[in-house]
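Asks: Following is a predicted model, sequence given first.
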There are 4 protein chains.
Amino acid sequence: MNQFGTLYRITLYGESHQPAIGVVIDGVPPGTPIDPAAIAADLKRRNPPLIGTTPRKEPDAVILTSGILNGVATGSPIHAMIENKNVRSHDYDHLKAQPRPGHADFVAKMKYGGHQDPRGGGRFSGRLTAPLVVAGSIAKMFLPYTFSHRLIQVGSLKDMDQLDAYLTDIAAAGDSVGGIIEVRIEGVPVGIGEPMFQKLDAALSSMMFAIPAVKGVEIGTGFSGITMTGSDFNDRFIAATGQTTTNHAGGITGGLSNGNPIVFNVFVKPTSSIAKGQETYAYDTESVRTLAVKGRHDVCIARRAGIVLENAAAIVFADLTLHHRASKPL
Amino acid sequence: MNQFGTLYRITLYGESHQPAIGVVIDGVPPGTPIDPAAIAADLKRRNPPLIGTTPRKEPDAVILTSGILNGVATGSPIHAMIENKNVRSHDYDHLKAQPRPGHADFVAKMKYGGHQDPRGGGRFSGRLTAPLVVAGSIAKMFLPYTFSHRLIQVGSLKDMDQLDAYLTDIAAAGDSVGGIIEVRIEGVPVGIGEPMFQKLDAALSSMMFAIPAVKGVEIGTGFSGITMTGSDFNDRFIAATGQTTTNHAGGITGGLSNGNPIVFNVFVKPTSSIAKGQETYAYDTESVRTLAVKGRHDVCIARRAGIVLENAAAIVFADLTLHHRASKPL
Amino acid sequence: MNQFGTLYRITLYGESHQPAIGVVIDGVPPGTPIDPAAIAADLKRRNPPLIGTTPRKEPDAVILTSGILNGVATGSPIHAMIENKNVRSHDYDHLKAQPRPGHADFVAKMKYGGHQDPRGGGRFSGRLTAPLVVAGSIAKMFLPYTFSHRLIQVGSLKDMDQLDAYLTDIAAAGDSVGGIIEVRIEGVPVGIGEPMFQKLDAALSSMMFAIPAVKGVEIGTGFSGITMTGSDFNDRFIAATGQTTTNHAGGITGGLSNGNPIVFNVFVKPTSSIAKGQETYAYDTESVRTLAVKGRHDVCIARRAGIVLENAAAIVFADLTLHHRASKPL
Amino acid sequence: MNQFGTLYRITLYGESHQPAIGVVIDGVPPGTPIDPAAIAADLKRRNPPLIGTTPRKEPDAVILTSGILNGVATGSPIHAMIENKNVRSHDYDHLKAQPRPGHADFVAKMKYGGHQDPRGGGRFSGRLTAPLVVAGSIAKMFLPYTFSHRLIQVGSLKDMDQLDAYLTDIAAAGDSVGGIIEVRIEGVPVGIGEPMFQKLDAALSSMMFAIPAVKGVEIGTGFSGITMTGSDFNDRFIAATGQTTTNHAGGITGGLSNGNPIVFNVFVKPTSSIAKGQETYAYDTESVRTLAVKGRHDVCIARRAGIVLENAAAIVFADLTLHHRASKPL
């Protein structure tokens, strides 16, 4: 439901246009130094003033109400809350009759019997990724691993130096594009992951698909390994540490980290809310008509989703690293 | 760990060469007719007498020891056990000094301090997918959905009519290939899935990556949607039922089923155990030398993995369908 | 950890003297009318202006930040927060050298390596029962059962009409007393509870012992049934509804509700923080010396614990009632 | 449901008269020596040839099918199965029309829509405590604590030297009695238990109430502490280790072990199945008539329940000890 993890366990709450969103984080080792500036920096990376990202800029000040004393984690759950300040709910009035193609409007209404909060996408909004970033930021404070990410493709563009111009054109057309992001984690020891169903890749992908707009996850070489034979794909060991010549496996074998860098790609689909007209169903007339979505939306969510994916991965590593502590041999 | 699901909850046990493997299945609705012949048929599809599949053919007789009376589920957990009969453990002696490239031998030894059962890959063996098939088979007995799968690519081959010849060549080279399998579920009502972390796609991908050799999951159009714009990618509604003109989303929006067929692709990597020599590390000499893996292995696991993926998906749908029952409006 | 339940799942956070305490509540059926006045009334019952209860009177204004729209539950998690306003942390300075007998000071310091928040008992404070009351209050808004409780004994006093005078004497002596509270739930249908480990009595007792100061739970006749024979203890059926002549079982058989009123007793120990001097260990001198606990404490927590127990029970019934929905026959 | 624990996690299956009962045990630290003779000894203590215990004597041979290699745990789940051999299902025919007073017959039928296995009490049978004993026996193999139990009262009898004569009289009257059992665990370090909802006492009581016939749990002095004041009840510290002068708290403060022996009492009700006639409802005539229960039943389950409670406690300590490993300070 709204929880992820068993030992590093996070509980999210909030909707896009309600008073606040937040997260309760359980399992931060007592004594972990908590750095609010690092959290703020990660949140800023999630909402940068770049071409192609939403004009809705929330201050995203994080209120920490519990679990921290004298700058370190006490061992009690940490609660982080962010107020929603910059809401323009009337932007969504025109969507009552016409659910947006590609968006959760329709399914949410059906599942919750019309009781869901439809404003700004409600709980299905990308806004919920802000507390996810907070929880990942705190995870990184006690994990001795290095996390990073990079955008490797946006639409048909592979040269990221031309991104501003490319997105300016897409925006001018009232359209949107998706992207592929590579996430990389270095310094992970051998053995992180718990078979059978808490395998590292299983947990990572589960977390990635929990993030709005994600439609694909591949580990290491992934789908492009389809044309390789086993003798090409297999990573050969060259040391007792598990170091391999290649890293087609993306650092994960049998669902466990294998001592090489963890690398995986995530496909983020084009933003579904676009200004360009779309012929789609309307409840009121019971027929198809053109919808042009209003409101403030990203032309390319992928441009700012990287830190979300990176920090979401950190949450997974926090949980499985604590599990690894617990499952060690006698 | 070894469990998946909360309401339809399965618990796996077993290793490749120990006396038995099995599964405990909790949450089968009381009164569900249990058909052992359907289970046997699914297990046979997992181990077909086809070119490119392992010569280890287990009888895979399922022993049902509890939870069934007069042919229907009692409401107590169902326990299904399969004995391992056709084991040749000495085939694995040569792997003590040299962990197989691409296989879990190395990580398992490191994680379990050398106490793991290395024979036949132990718990990391594909053998564990047999009880998974059983649990999925039983899930299908009470779910009113239609499950299917098909192989869409094997290595560089896209025309499945030529598969026997293609795999014969690969086998002759002592090599292996991977495959891409499409899984399809029809008849799913709107709203299956529980945000934020039990989204339908999150749960499906988590389950898929739990299956050995899976290295990629994409929903609907997936990664190939990268070159599409939002106006192309968005599926337009044409009816109040949620029916859409296209299905780029693979039947899942906002993590919930949207009334259209559920479609996703899974990449199964080339089998790591190959007869062809590989230069890889040896513990005894602390240097790299050639390893040619003995034993009975699949040339292309993807050829018989489809039923595993399909039934694994059924387990996910069983769990989330019961959740949907529980989360309905007042 | 800080969570209870799987379908009606609550997540607590907070410490006694940190900025806020609160709860995230998942699983409230969409459409449930949420009445803030009922929550406030329950919180007031938890902190009444009665003899023998703590002089720390918090306003306990509940801030609801999510999960509610137009007065009804949306299906998203509800977050309720209560600020800690009336804190006097210096009252606790004298406890740094001497852990209070009977209190969690000592164990908390040991478990959390000294990083815990010791002020006001930190997370071990009875203050954390306020969000528990909120979660129970909301549970009662969709459960068609009748919840009640009554104090049946305080110290050696069984006539509750004399309670004020009795507690005035105890207070004058700088001492404290415990109490036994009966909780009663009526209108519960047959079958609530999930064997083997989510039996109704197992879940209820687990919840009760999570509440500070609880040291005993008995269902129905409980321990005093020890001198009865089976022929006396057994409740005889008199109707097809499951109605019985007596209710020694307290309405629970085989871990399931049996159609009769649910009745159980809870023993709340005497408050550990007392003004009366106690000879106990001091870290600084490494010897035993007298400790007189300062601060504002209850003479008899049991006097105001009833609503906590009652609402905590409501949380259990909410979770198991949703489970009962999910586990119904095909 | 049928699972207990998160890190030492057990999954039970089986009914009284189906082919087998068993347990899957996850979380045994790799390298733990597994001693089948110790398991057999504990099972024998559960089914001793004593006056007042059931004449149904099962051989209870444990079949271990996975998770053990060369006498030690591999890190994979251990599966233990026990076949039901000595069943006399026809003994239960007369109960179809008349549910036994005090037994789960009635509630099981209602909950499972008549699909439950009624023979021998089905899954509600005390028979399910056999795999629980196995799981506890294995827990004790890696826990460095000392577990014990003793019967402190049976019916109105407190002098256990007279037990055989007392139970012979009860049996002659076709009746039954209950008992109170004290469980004691020594050598537990400070801090075992995870607040708020996995407190040691919460977890222990939850487990105890999962065992058939348990109707009360009290920690330390428990209910008889009602007449004590705080100054009497509080255990005073006399050393930096947490050692106290008295142990009214039963070794648990704030839900955590406090360094003193863990002591708690459990009330086991009189056996509900008695030969003596009881006036109770009959479905067929829709009226009350006399029922004399046939079959083989214990006169006093408490006489052999001690090892069940003790080993069930060991399961709790195994889970929380692994949690303590995971939650230690940075």
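Replies: On my side now, so go ahead.
Asks: any idea of the mean pLDDT in stretch A:118-135?
Replies: Regarding stretch A:118-135, the rounded mean pLDDT is 95.
Asks: what distance separates that stretch from the middle of the whole chain?
Replies: Distance, stretch centre to chain centre, for stretch A:118-135: 10 Å (C-alpha atoms, centre = their mean, to the nearest Å).
Asks: pull the CA atoms of it into CSV?
Replies: Extracted in CSV, the C-alpha atoms of stretch A:118-135 (Å, rounded to 0.1, in the frame of the first residue of the first chain):
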residue,chain,number,x,y,z
PRO,A,118,-9.0,14.7,-8.3
ARG,A,119,-7.2,18.1,-7.9
GLY,A,120,-3.7,18.0,-9.4
GLY,A,121,-3.9,14.2,-9.8
GLY,A,122,-4.5,13.7,-6.1
ARG,A,123,-2.3,10.9,-4.8
PHE,A,124,-1.3,9.9,-8.3
SER,A,125,0.6,13.1,-8.7
GLY,A,126,4.3,13.2,-9.2
ARG,A,127,4.2,15.5,-6.2
LEU,A,128,4.4,12.4,-4.0
THR,A,129,7.9,11.8,-5.2
ALA,A,130,9.1,14.7,-3.0
PRO,A,131,8.8,12.8,0.3
LEU,A,132,10.3,9.8,-1.5
VAL,A,133,13.3,12.0,-2.3
VAL,A,134,13.5,12.9,1.4
ALA,A,135,13.5,9.3,2.5
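Asks: can you pull the contacts of the closest residue to residue A:247 other than its chain neighbours?
Replies: Among residues not flanking residue A:247 along the chain, residue A:260 sits closest, at 5.1 Å (C-beta to C-beta, 6 or more residues apart in numbering or on different chains). The way it works is simple: take the backbone N, C-alpha and C, and place the C-beta from them, glycine included. Contact analysis of residue A:260 by C-beta atoms under 8 Å, 6 or more residues apart in numbering or on different chains lists A:235, A:242, A:243, A:244, A:247, A:249, A:251.
Asks: Pretty sure residue A:260 sits in a strand.
Replies: No - per DSSP: H, G, I helix; E, B strand; the rest coil, residue A:260 lies outside any strand segment and is coil.
Asks: Tell me who's in contact with residue A:181.
Replies: A:149, A:150, A:151, A:152, A:265, A:266, A:268, A:302, A:305, A:306, A:309.
Asks: Out of those residues, which end up buried?
Replies: Using 16 or more other C-beta atoms under 10 Å in any protein chain shown as the burial test, the contacts of residue A:181 include A:149, A:151, A:265, A:266, A:268, A:302, A:305, A:306, A:309 as buried.
Asks: Those residues in helices, which ones?
Replies: Judged by DSSP state H, those include A:302, A:305, A:306, A:309 as members of helices.
Asks: Between those residues, which sits nearest residue B:30?
Replies: Nearest to residue B:30 out of those is residue A:309 (C-beta to C-beta; 42.4 Å).
Asks: Sort out which residues of stretch A:62-75 are buried, please.
Replies: Quick answer for stretch A:62-75 (16+ other C-beta under 10 Å): A:62, A:64, A:65, A:66, A:67, A:68, A:69, A:72, A:73, A:74, A:75.
Asks: Please, which helix or strand holds the third one?
Replies: Remark: residue A:65 resides in strand A:62-66, with elements defined by DSSP states H and E.
Asks: how about that strand, does it reach chain C?
Replies: Yes - using C-beta under 8 Å from any C-beta of the partner chain, we find that strand A:62-66 touches chain C at A:63, A:65, A:66.
Asks: what's near enough to touch the last one?
Replies: In this structure, residue A:66 makes contact with A:76, A:77, A:78, A:79, C:13, C:14, C:15, C:18, C:19, C:20, C:21, judged by C-beta under 8 Å, 6+ apart.
Asks: one step back: can you tell me which of the contacts of residue A:260 lies nearest to chain C?
Replies: Of all the contacts of residue A:260, residue A:251 has the smallest distance to chain C: 29.5 Å, by C-beta to the nearest C-beta.
Asks: Who are the contact partners of that closest one?
Replies: For residue A:251, the contact set (C-beta under 8 Å, 6+ apart) comprises A:185, A:188, A:220, A:257, A:258, A:259, A:260, A:261, A:262, A:263.
Asks: who wins for most neighbours among these?
Replies: Of all the contacts of residue A:251, the most densely surrounded is residue A:258 (32 neighbours; neighbours counted as other C-beta atoms under 10 Å in any protein chain shown).
Asks: Give me the pLDDT for it.
Replies: For residue A:258, pLDDT reads 98.
Asks: what's the closest of the contacts of residue A:260 to chain D?
Replies: Of all these, chain D sits closest to residue A:242, with 18.0 Å by C-beta to the nearest C-beta.
Asks: Assumed that closest one was part of a helix.
Replies: No - assessed with three-state DSSP, residue A:242 is coil; it does not lie in a helix.
Asks: Quick check: closest non-adjacent residue to it.
Replies: Taking C-beta to C-beta, 6+ apart, and ignoring the residues beside it in sequence, residue A:242 has residue A:259 as its nearest neighbour in space, at 3.4 Å.
Asks: cool, residue A:140 as well?
Replies: With C-beta to C-beta, 6+ apart as the criterion, residue A:140 has its nearest non-adjacent residue at 4.9 Å, and that residue is residue A:314.
Asks: Which strands or helices does the helix or strand hosting that neighbour pack on?
Replies: Element membership for residue A:314, per DSSP H and E: helix A:302-326. Secondary-structure packing of helix A:302-326 (3 or more C-beta pairs under 8 Å, 6 or more residues apart in numbering or on different chains; DSSP states H and E): helix A:36-46, helix A:129-139, strand A:146-154, strand A:179-186, helix A:200-210, strand A:262-268, helix D:302-326.
Asks: Sort out which residues of it are buried, please.
Replies: Quick answer for helix A:302-326 (16+ other C-beta under 10 Å): A:302-324, A:326.
Asks: Give me the distance between it and the centre of its chain.
Replies: On C-alpha atoms, centre = their mean, the centre of helix A:302-326 falls 9 Å from that of its chain.
Asks: With stretch A:52-66 instead?
Replies: Computed by C-alpha atoms, centre = their mean, the chain-centroid distance of stretch A:52-66 equals 16 Å.
Asks: Am I right that residue A:280 falls within a strand?
Replies: Yes - per three-state DSSP, residue A:280 lies within a strand segment.
Asks: Quick one: residues contacting the nearest residue to residue A:50 once chain neighbours are set aside.
Replies: With sequence-adjacent residues excluded and distances taken as C-beta to C-beta, 6+ apart, residue A:50 is closest to residue A:303, at 6.1 Å. Residue A:303 makes contact with A:48, A:50, A:52, A:53, A:151, A:154, A:163, A:167, A:179, according to C-beta under 8 Å, 6+ apart.
Asks: No further queries at this time; thank you.
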